[in-house]
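following is a predicted model, sequence given first.
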Amino acid sequence: MLEAFHIVDRKPESTMPVAELTFEQRQKSRHRCETRCGQSLGWFLTRGHVLSDGEVLECSDGTFVQVVAAKEHVSQVQSDDAFQLTLAAYHLGNRHVPLQIGAGFLRYQHDHVLDDMVQGLGLTVAEAQLPFHPENGAYHGTGHGHGHGHGHGHGHGHGHGHGHGHGHTHTDASAVS
């Protein structure tokens, strides 16, 4: 099995094995999968780093593996109206939805409840099979999983007034109001 512990700053090459991964898989700091050619691959990376399309993993045997974002079932909202897209992004963000933002479009993992909400804002939603590259968020580092010797803990308490703490997750958007 190929074992990767590092992300390297290297351009992908056509001869490299390819790991085609969903957004969910790319978020994992430790994961096992198979490359397109059937090789077992496991990676052990710094927690919090989301693998990006085109990044290259360096394996312990010297093999380099290219990461490719797999096509996923997504909902895409397209509009020339920047205000309407901003409004939709605001409402989706309030629901802690991973969101890809591009010029004239928003993309999120398909959810019919979210589709109904966005359509209620006057926008059209289309289902598609496309790679999904959501924004990392304001508090996510821009590095490639390399440690830099200090923590990022708050060390103090603070409330948000919305009835839940930092460690929450929402798996069913219909359960969120």
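Arrived safely. Numbering: from 1, shown residues only.

only C-alpha atoms from now on, for both contacts and neighbour counts.
Noted.

using the three-state scheme, assign residue 128.
Going by DSSP: H, G, I helix; E, B strand; the rest coil, the secondary structure assigned to residue 128 is strand.

typo on my end, it should be residue 92
With three-state DSSP as the criterion, residue 92 reads helix.

how about it, what does it touch?
99, 114 (CA atoms under 8 Å, 6 or more residues apart in numbering).

who does the residue lying closest to residue 32 once chain neighbours are set aside bridge with?
Nearest residue to residue 32, sequence neighbours excluded (CA to CA, 6 or more residues apart in numbering): residue 42, at 4.2 Å. Counting by DSSP bridges, residue 42 forms beta bridges with residue 3, residue 32.

any idea how far residue 42 is from residue 128?
29 Å (CA to CA, to the nearest Å).

looking at those two, which has the bigger crowd around it?
Taking residue 42 and residue 128 together and counting by other CA atoms under 10 Å, residue 42 has the greater number of neighbours (18 against 15).

next, count neighbours for the closest residue to residue 17 other than its chain neighbours.
Nearest non-adjacent residue to residue 17, counting by CA to CA, 6+ apart: residue 65, 5.0 Å away. Neighbours of residue 65 under the rule other CA under 10 Å: 25.

dump the residue contacts of residue 65.
Per CA under 8 Å, 6+ apart, neighbours of residue 65: 16, 17, 18, 19, 56, 57, 58, 59.

paired strands for the helix or strand where it lies, with orientation please.
Residue 65 is part of strand 64-69, with elements assigned from DSSP states H and E. Paired strands of strand 64-69, with direction, are strand 18-21 (parallel), strand 56-59 (antiparallel) (DSSP bridges).

what is the following helix or strand past it packed up against?
Later in the chain than strand 64-69, the nearest helix or strand by DSSP H and E is strand 71-78. If contacts are counted by 3 or more CA pairs under 8 Å, 6 or more residues apart in numbering; DSSP states H and E, strand 71-78 sits against strand 105-109, strand 125-131.
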